[in-house]
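> Have a look; sequence and predicted model below, questions after that.
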Amino acid sequence: MSTNYEATSLRDSLCASVSVAHVGQRLAVCGWVAKRREHGEHLAFIDIRDRSGVIQAVVDGTVDVRNEYVVRVTGTVSRRPEGTVNDKLTTGEVELTECMVEILATAEAPPFQLDDRVDIDEQVRLRHRYLDLRREQMQKNLRLRAKVNAALRAAMDRQGFCEVETPLLWAPTPEGSREFVVPSRLHHGEFYVLPQSPQIAKQLLMVGGFDRYYQIARCMRDEDLRADRQFEFTQLDLEASFVSQIDILEFVSQAVLDAAEVATGERPSTIDTMTWAEAMNRYGVDKPDLRFGMTLQDLSDVFVGTEVKAFSAPTIKAMRVPQGAEFTRSRLDALTDRAKGLGAKGLAWFRITADGVDSPLDRFLSDHERDAIRRVDDAQPGDLVLIVADDYLLACKVLGALRVELGSPPVSQGPHRYVWVTEFPMYEGLDDDGNPVAAHHPFTMPHPDDIELMATDPLAVRSQAYDLVLNGWELGSGSVRIHRADIQSQVFATLGITPEEAENRFGFLLGAFKYGAPPHAGFAFGIDRLVAIFAGEENIREVIAFPKTQSGADLMTGAPKSIPDKQLKELHLKPVKGA
RNA sequence: GGACCUGUGGUGCAGCUCGGAGUGCACGCCGCCCUGUCAAGGCGGAGGUCGCGGGUUCAAAUCCCGUCAGGUCCGCCA
């Protein structure tokens, strides 16, 4: 028998570890009073709860404990009498008898019930997070997270990666997401920032000869929060030298599949790969959810020279909505508004009937066109077909968004479908000055076949950037980095960054690259999101011990808060009135 | 910056459309009873600024305006 790590000087066992194997032994357990059931002055039952679960203690007589009192109970492990076994409890066959109950701490009645009989308002849970954490679901989620972390570390270690910590107080590099700013006490009017990612630091580690680096890193971004976004989040961050894209995909796959195995008990066989162009074409998003169909169909050829004025556009994209014919007119109107909100000129809908289509546009359709609509994605009577006619990418994006809104299963449902999305475009759109905007970051290596296009058609240049997607969630992204000064200058030039600007912002990185930078590539993915999906949670707050609300507040500590004038003065800060 | 949803004893809800006494349900809490319960059971009790402010009205939880908090989303997140 292995060493009993559960035993301490106060207890012999965790509550849920008590079993028929211990019958006759005298044991001490420690925990919280989960429930008390009194039967007069001769008999009482107390459920003792610790992180493992619950054990029933039988008390001959009365005992003055209330819910959530912290107690140490010493009793004899006994089989429950005939007919009183509780199948719902893992410890339901046994109980502690002849109990001695010591009160280690009393407790007030908690502000909400800690069982899972009702959903408690998240505001109340967050205000008393330390109580919320006692709940079984939160215990499960955070312990799952710990297991995933351990699996990731083991996988990286096994693959020869070296864990290196990088600074939290870093230099501002105005680019990308908004940074959290930390005022310097010793340097008047100057600031550190908290890293939005260890991107530059890890590239410097490559120059420094750590050819395989990883870190479970906290990243901070001062951007608006969402269900899958907190100010601070945790990434498995990695970078390797003398590698190409395929090597990175393999390293990350190993780590993610190990984590999946630990979390779900099943190891997915492979991770599919899809180009960005294919993802946009078939799913209308760069993070396709492969758990369900409703793929986008192209009807552009069908509607060449059509009578339907609304369909005189470069691209006609269609999508079948199973059972969508039952949508009410007001629902369809709302969908149309949604499509317009996403930038489309409109949304055409066709209820598929047994002998045709039901649509305001029906009378404008040729037989050929009507047939094509009825065949979209093997449509059946009762289905709905939605069509967006617009520029290619916009048509894809609008239908892609509707696909997610109409078809996404709950996070807890369905298989885990991982997919690598590769060959992202190097640039996405133009900024106000007409310069291309980097899709990933400015150190991303262009696709080797597209380098000539940099000067002539930058928006057509593919990059060696890739995302890992799971069930429609972007887990993370990475790229092959530029390690050659000539290509880096060319990219900066395309982005409209002058050499002076580049020197000012990234001088220390460019300087480092002068001394022999190995070819390198890397990746980073969000552990909060991965664990949320493993846990079947729609919201990453459920897998974070102390999360913030959507407005960035911590309801428990009250942060953010003002600080005393003395402290402000020390930091050379002065509040601006009315700002 | 914007859209939508929510806010009623400690907790979860109903009441709001069609204004009429803080009305109801479940859990929890407090007291008493109860020797095999485990969502224990029975009896009794306490507990409310209907988020906040203003307006309309004889009268507002209910209608209107504003505001705050929480949530979902758009923008934003290289």
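Perfect, thanks for sending it.
> Alpha carbons of the helix ranked longest in chain A, in CSV - could you do that?
Ranked by number of residues, the top helix in chain A under DSSP state H is helix A:136-158. Once side chains and other backbone atoms are set aside, the C-alpha atoms of helix A:136-158 remain, and they are given as CSV (Å, rounded to 0.1, in the frame of the first residue of the first chain):
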residue,chain,number,x,y,z
GLU,A,136,-18.1,20.7,-5.9
GLN,A,137,-18.2,22.2,-9.4
MET,A,138,-15.5,24.8,-8.7
GLN,A,139,-13.4,22.2,-6.9
LYS,A,140,-13.7,20.0,-10.0
ASN,A,141,-12.9,22.8,-12.4
LEU,A,142,-9.8,24.1,-10.7
ARG,A,143,-8.5,20.6,-10.0
LEU,A,144,-9.0,19.8,-13.7
ARG,A,145,-7.1,22.9,-14.5
ALA,A,146,-4.2,21.8,-12.3
LYS,A,147,-4.1,18.4,-13.9
VAL,A,148,-4.0,20.0,-17.4
ASN,A,149,-1.2,22.3,-16.3
ALA,A,150,0.8,19.3,-15.0
ALA,A,151,0.2,17.4,-18.2
LEU,A,152,1.3,20.3,-20.3
ARG,A,153,4.5,20.8,-18.3
ALA,A,154,5.3,17.1,-18.5
ALA,A,155,4.8,17.1,-22.3
MET,A,156,7.0,20.1,-22.8
ASP,A,157,9.7,18.7,-20.5
ARG,A,158,9.6,15.4,-22.3
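> Report the distance from the helix or strand that it is followed by to the chain centre.
On the C-terminal side of helix A:136-158, the nearest following helix or strand under DSSP states H and E is strand A:162-163. In this view, strand A:162-163 has its centroid 24 Å away from the chain centroid, taken as Cα atoms, centre = their mean, to the nearest Å.
> Counting by contacts, list what strand A:162-163 packs against.
For strand A:162-163, the helices and strands in contact under the criterion 3 or more Cβ pairs under 8 Å, 6 or more residues apart in numbering; DSSP states H and E are helix A:136-158, strand A:212-220. Yep, even glycine has a C-beta here, placed from its N, CA and C like the rest.
> what's downstream of the shortest one, the next helix or strand?
From strand A:212-220 onward toward the C-terminus, using DSSP H and E, the following helix or strand is strand A:232-241.
> So which of the helices and strands packed on strand A:162-163 is the most surrounded?
Comparing the helices and strands packed on strand A:162-163 on average neighbours per residue, with mean count of other Cβ atoms under 10 Å, the densest one is strand A:212-220 at a mean of 21.
> residues making contact with the lowest-mean-pLDDT helix or strand in chain A?
The helix or strand with the lowest mean pLDDT-type score in chain A, counting by mean pLDDT, DSSP states H and E, is strand A:427-430 (a mean of 84). Residues external to strand A:427-430 that are found in contact with it (Cβ atoms under 8 Å, 6 or more residues apart in numbering): A:Pro436, A:Val437, A:Ala438, A:Ala439, A:Pro458, A:Leu459, A:Val461, A:Thr494, A:Leu495.
> Tell me the pLDDT of the residue of chain A found nearest RNA strand B.
When distances are taken as Cβ to the nearest atom of the strand, chain A approaches RNA strand B most closely through A:Gly40, which lies 2.4 Å from it. Reading off the per-residue confidence, A:Gly40 sits at a pLDDT of 89.
> Contact partners for it?
The contact partners of A:Gly40, by Cβ under 8 Å, 6+ apart, come to none.
> same thing but at 10 Å, please
By Cβ atoms under 10 Å, 6 or more residues apart in numbering, the residues touching A:Gly40 are A:Gly61, A:Thr62.
> before we move on, what about A:Cys15?
With contact set as Cβ under 10 Å, 6+ apart, A:Cys15 has these partners: A:6, A:29-32, A:34, A:47-57, A:73, A:90-91, A:96.
> can you give me the angle the helix or strand where A:Ser253 lies makes with strand A:232-241?
Secondary structure here is read from DSSP H and E; on that basis A:Ser253 sits in helix A:245-264. The directions of helix A:245-264 and strand A:232-241 differ by 140 degrees, with axes from the mean of the first three to the mean of the last three Cα atoms, to 10 degrees as the criterion.
> Any buried residues in helix A:245-264, and which?
By neighbour count, and taking 16 or more other Cβ atoms under 10 Å as the criterion, the buried residues in helix A:245-264 are A:245, A:248-249, A:251-253, A:255-260, A:262-263.
> same question, stretch A:221-238
A:Arg221, A:Leu225, A:Asp228, A:Gln230, A:Phe231, A:Phe233, A:Thr234, A:Gln235, A:Leu236, A:Asp237, A:Leu238.
> Now pLDDT and distance to RNA strand B too, for those, in CSV please.
CSV is the format used below for the buried residues of stretch A:221-238 (pLDDT from 0 to 100; distance: Cβ to the nearest atom of the strand, whole Å):
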residue, pLDDT, distance to RNA strand B
A:Arg221, 96, 5
A:Leu225, 97, 7
A:Asp228, 97, 6
A:Gln230, 98, 10
A:Phe231, 98, 10
A:Phe233, 98, 10
A:Thr234, 98, 14
A:Gln235, 98, 11
A:Leu236, 98, 15
A:Asp237, 98, 11
A:Leu238, 98, 15
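> Farthest pair within the residues you listed?
With Cβ to Cβ as the measure, no two of these lie farther apart than A:Leu225 and A:Leu238, at 25.9 Å.
> Name the next helix or strand following the helix or strand that contains A:Val29 along the chain.
Using DSSP H and E, A:Val29 maps to strand A:26-38. Scanning forward in sequence from strand A:26-38, with DSSP H and E defining helices and strands, the next element found is strand A:44-50.
> What's the mean pLDDT across the helix or strand that that following strand is followed by?
Proceeding C-terminally, strand A:44-50 gives way to strand A:53-59 as the next helix or strand, assigned by DSSP H and E. Strand A:53-59 shows a mean pLDDT of 96 in the predicted model.
> likewise stretch A:295-305?
The predicted model gives stretch A:295-305 an average pLDDT of 94.
> hang on, A:Tyr130 packs against A:Phe546?
Yes. At 9.1 Å, A:Tyr130 counts as touching A:Phe546 under the criterion of Cβ atoms under 10 Å.
> Would you tell me whether stretch A:170-178 gets close to RNA strand B?
Yes. Taking Cβ under 7 Å from any atom of the strand as the criterion, stretch A:170-178 and RNA strand B are in contact, through A:Glu175, A:Gly176, A:Ser177, A:Arg178.
> Any buried residues in that stretch, and which?
Of the residues in stretch A:170-178, those buried under the neighbour-count criterion (16+ other Cβ under 10 Å) are A:Trp170, A:Thr173.
> next one: stretch A:272-280
Buried-residue list, stretch A:272-280, by 16+ other Cβ under 10 Å: A:Met274, A:Trp276, A:Ala279, A:Met280.
> end-to-end on it?
For stretch A:272-280, the separation between the terminal residues is 16 Å (Cα to Cα, to the nearest Å).
> Repeat that for stretch A:105-122.
When the termini of stretch A:105-122 are compared using Cα to Cα, they are 27 Å apart.
> Each with direction, which strands does the least confident helix or strand of chain A pair with?
On the basis of DSSP bridges, the sheet neighbours of strand A:427-430 come out as strand A:436-438 (antiparallel).
> Can you spell out which helices and strands pack onto the next helix or strand after the strand it pairs with?
Scanning the chain past strand A:436-438 towards its C-terminal end, the next helix or strand to appear is helix A:453-456 (assignment: DSSP H and E). In this structure, helix A:453-456 makes packing contacts with helix A:485-495, judged by 3 or more Cβ pairs under 10 Å, 6 or more residues apart in numbering; DSSP states H and E.
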